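J.: Prediction below, plus the sequence it came from.
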Amino acid sequence: MIIGLNHFQVVSALLFGLGLLTIITRRNAVAVLMGVELVLNAGLVNLVAISRYQTGGLDGQIFALFGVVLAAAEAVVALAIVLQLFRARRSVDTIDVTDMRG
Amino acid sequence: MSDTLVAVVFYGLAIFTLSGAALVAFSRNIVHSAFALFATFVGVAGLYALMSANLLAVIQLLVYAGGILVLILFAVMLTSRIDEARVSNHAWGRQPAAWAVGGLTAILIYVAVKAPLKAPMIKGALGGPAAFGDALLGPYVLPFEIISMLLLAALIGAVTLARGRDAAEAAKLAKPAEAAAPVQAAEPAQAAEPAEAAEPAEEVNA
Amino acid sequence: MELQTFNTLWLIPLFPLLGAAYAGLLGKRIHRRYGELAVSLPTVIMPWISFAVAVSAVVTLAQAGPEVALYNRLWTWIGVDWMQADMAFLVDRLSAVMILVVTFVGSLIHVYSLGYMKGDPGYWRFFAYLNLFMFSMLVLVLGDNFLLMFVGWEGVGLCSYLLISYYYRERDKAAAGMKAFIVNRVGDFGFTLGVFLLFWGLAAANSPSYNPSIQATTAAPVVKRASAKPDPAKLAEHVAFQASWGLAGAPCRSHQALGRASTLGGHAQGHHVEGHATTSLAFRHVERLLEDPVKREGLLSQNVLGLSLVTLVGLLLFLGATGKSAQIPLYVWLPDAMAGPTPVSALIHAATMVTAGVYMLSRLHFLMALTPVAMTVVATVGALTAFFAATIGLFQYDIKKVLAYSTVSQLGFMFVAVGSGAFWVAIFHLMTHAFFKACLFLGSGSVIMGCHHEQDMRLMGGLRKLMPVTAITYFISSAAIAGFPLFSGFFSKDEILWKAFDTGNVILPGGGFVLWLLAAVAALMTSFYMFRSYYMTFSGEYRGGHAHEAHGHDEAHGAHGHLPRESPKTMTIVLGILAALALAGGYVGLPHLWHLPNLFEHWLAPVFEGSAHTLKWAGYGHGLEWGLMITSILIAFAGFFAARWLYRDHRNPTPQKILDSDRRLVRGVHRWVFNKYYVDELYQKTVIQPTLVLSRALSIFDTGFIDAIVNLVGLIGRLFSMLQGWIDRTFIDGLVNLVGDTVMNAGRALRRVQTGRLQAYVYSLVAGSLLMVVAAWLMAA
């Protein structure tokens, strides 16, 4: 059995779905962040796989690399925000944070 | 590596990764979620390695498993009270969410399966770290510089955010926040809340 | 006249201005925080610094020779086409005398004020005004042209208003300030008209179309004069003069050339300037223009309204002078100006404001000398003023009123001198008068302060023992003003009398004799009323203390029963200095008769040189001069002894008898004179009431007619706008509100979407993606 691009994409899709589910269902902001990381990883796997099967070359990997860096930056800032939020409210529950309600 | 071996390894890795992800999504304990996330990252690194993106696999391990995950663990530890760690990972509305996300995922899988995509991997080396370096400082130098700027901005932003205000102000800030804490459970967004407390919350939502 | 650059002249008016700014802007706060001295010391020092600069300037001037004037040009103030006015200061020998008198006497008065104004709540205000007054007067005196002089002229008027109504809480004192201001306005009206007319005439006389042959005849003397001594300033002056008067080349009205010439100033590069006809506002340029016979003829030949233009100019300028220098008919403000604090009276009367008119006419001597009619009017008005003011002074009881009328009278003497053509004598009397009148006023201030703000001489008396320094200085100054031999007033007044007698410049029947007679009688009365005031105030027993019921003003003066005391040192020292000058100040101008050098005349001779040849003198002999001199000495002593006999020690019953006399003539004359000939009442009836009636009539016209039209227009407008308003409210607002309401309702509905919950947004994201996929699918299918 030959593992093709489809296989990787199925894995990527499932990873994405689970990440999205985490984002939607979790009330803890940190857990939401974890879901974001899952979604990002799904995308990166996709990128690398496509570059491996379709185009060749380093492009996909380079983009994945940038994605990793982006994820790092995002995680740092987001966690700082979460910590601030916790400091201010003693809670990181997203249901508590509805100041932007219209 | 024979195709069969590749297939075995792939399935192994896929199951490992996806079960980790599932644990992240469904675990009751957030600490468990965090460790499951570690498994997922490792699995994804394995997938990279399987696609002979070795450097990326290493970076994935270093940055994600070594860096981001540690950060997330820190955040978990800092934001959860130990005694209620068990119930710290509330979830709500699983059912409708599962329907929506499941639908989307199903469509994605359908597309992935049906799409006429190439089966065999492209053979041959795709370049090691040297080629990576050349690419980064060659055709990708502009995104590379931009991403470095982004990192710097994130660094400064994180420091600014985490430090809050000056020490004195932070002390002042802690008091009303603590006083307001029990009320917040009942009334999440109050107009009468102190401005200092309201500001970071806005940042989160923005 | 050669110009020598002297770059520190501008500092002379600057320092009082700084003082005024200091006291005026910061004084109130400084007074509150650091006390009175912190306010007054800097402002008192400023005039002294000015005085020091003035002395240095005058020393330089004296060393530079007779034909030199110091010049300091700051910037071009107005340069419009042919009219050029610089911000420039000029000190010739005339202004030198003036700045010395103004700064020195002014500074002394500042020092005196330290003591006099002590404890006054408006301390800082007073010193700010005083400094501003000095500044204005110095600008007036130093100004190089008519416009700058006018700035000072108006500034002095303003400051006099501020200072006279200094006690503005008292209605009559505020009114006195307004009176001074308004009466001065009338004079200023004359002054400005005179200046306008003069320039109109000059521009016509100077226009090339008047007489194209002028170049040949006029360029020569100027060049000769300029080339006598080739120093740069002179050369520049020469070039600038040529450039501005168009003497050098063919006359042309090229604006380009004008523009270039106007920038010449002190540069010597303007030889190539074509030359053009233009008019400058600087005194020296006007004077030099009139030295040219052709242009002088051009000016003299012009007529306005049937009068010779020059005469009209002279009369209008004299009207200005009567306003500032308190002559008939505009003298009425000066006696009322006593409402201000006494140092102010001294400053106005002695050193600054009232001398402005005399100074201005002397400055324009070259113009006045051209018009015998104006000279006659000046001399006659001066003599009449001297006479009538003196008669009023005879019967006044208020010590400051006596001095006020004596000032009016003495100014009349100065105008007699101006009108007679003896300009230097006018300035001489101005100077000596500054000394003794300042001393008299400050002495009276000392007396008034000693007597607890009592000004009525009937309630004084016996102060010689109580205030010896004041008494002695007052006596010396009275002797000086009365013309006792060897006192300063003697020299100046005697010279005026002699010049008035000797003049050939007036066209009166009887010539100078009439002037002399009026002036001599005025001098007799001067001597009488001055010593009357002296004996009423200082001899006999003190009559104050309990007789205050008749004269209110005893609020807040708890020390009423006490005897007057001598004033503080700052005041008595000033009195001493001024008395010394009143005694000795006349020795600079000794009469020719004594065969001693007349320094003052010699000093001023170069200034008045220009008009000297136009003036005529009867040329009476020395015998007559001796006779007149002895007459005036006798007059002085006659007045003195009469006053001594009548008023010494308050013993002689004659004055009271005259007052109580039943004879109608005596009573009538007394009432007539005591009430100042009812001039104020006359003005009230003839000028003020008609004005009021007219304004009331105009007001009725205004309210009845104009306002009705305006109201009608307003009503129509209102109706129209009401209609418009209705349309606005109903339709436009309705539309606008509809739009607004729609948006608001939509927003209200849509805001529910913004739950603020993170997951809700992700939900919609997922739902949206699903929707898009389904939509794409359906569209593909």
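T.: Received it, and whenever you're ready, just let me know what you need.
J.: Now for B:P139, how many residues are close by?
T.: For B:P139, the count of nearby residues is 13 (other C-beta atoms under 10 Å in any protein chain shown). Every residue, glycine included, has its C-beta placed from N, CA and C.
J.: What segments of the stretch 351-500 of chain C are helices?
T.: C:355-363, C:365-368, C:372-394, C:399-420, C:423-450, C:463-466, C:468-482, C:488-502 (DSSP state H, counting those that start in this stretch).
J.: could I get these as TSV with distance to B:V111?
T.: Formatted as TSV, the helices of the stretch 351-500 of chain C follow (distance: least, C-beta to C-beta, whole Å):
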stretch	distance to B:V111
helix C:355-363	104
helix C:365-368	110
helix C:372-394	115
helix C:399-420	113
helix C:423-450	111
helix C:463-466	122
helix C:468-482	119
helix C:488-502	121
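J.: now for the ones you listed, which one comes closest to C:L599?
T.: helix C:423-450 (10.4 Å; C-beta to C-beta).
J.: tell me the angle the closest one makes with helix C:399-420.
T.: 180 degrees (axes from the mean of the first three to the mean of the last three C-alpha atoms, to 10 degrees).
J.: Quick one: work out the angle between helix C:423-450 and helix C:355-363.
T.: Going by the same axes, to 10 degrees, helix C:423-450 makes 170 degrees with helix C:355-363.
J.: what angle sits between helix C:423-450 and helix C:468-482?
T.: Using the same axes, to 10 degrees, the inter-axis angle of helix C:423-450 relative to helix C:468-482 is 150 degrees.
J.: what are the ranges of the helices in chain B?
T.: Here chain B has its helices, by DSSP state H, at B:3-26, B:30-50, B:54-59, B:69-79, B:94-114, B:129-137, B:141-163, B:167-186, B:195-205.
J.: Does anything pack onto the shortest one? Which helices or strands?
T.: Think helix B:54-59. On a contact count with 3 or more C-beta pairs under 8 Å, 6 or more residues apart in numbering or on different chains; DSSP states H and E, helix B:54-59 meets helix A:59-89, helix B:30-50.
J.: what mean pLDDT does the longest one have?
T.: When pLDDT is averaged over helix A:59-89, the result is 87.
J.: Is chain B within reach of it?
T.: Yes. Applying C-beta under 8 Å from any C-beta of the partner chain, one finds helix A:59-89 touching chain B at A:61-62, A:64-66, A:68-77, A:79-89.
J.: who touches stretch C:44-51?
T.: For stretch C:44-51, the external contacting residues (C-beta atoms under 8 Å, 6 or more residues apart in numbering or on different chains) are C:11-13, C:15-16, C:18-19, C:100, C:103-104, C:106-107, C:110-111, C:113-114, C:127, C:131, C:134, C:138.
J.: ok so, going back, with mean neighbour count as new columns, can the helices of the stretch 351-500 of chain C be given to me in CSV?
T.: Output for the helices of the stretch 351-500 of chain C, formatted as CSV (neighbours: other C-beta atoms under 10 Å in any protein chain shown):
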stretch, mean neighbour count
helix C:355-363, 26
helix C:365-368, 24
helix C:372-394, 24
helix C:399-420, 29
helix C:423-450, 28
helix C:463-466, 18
helix C:468-482, 25
helix C:488-502, 27
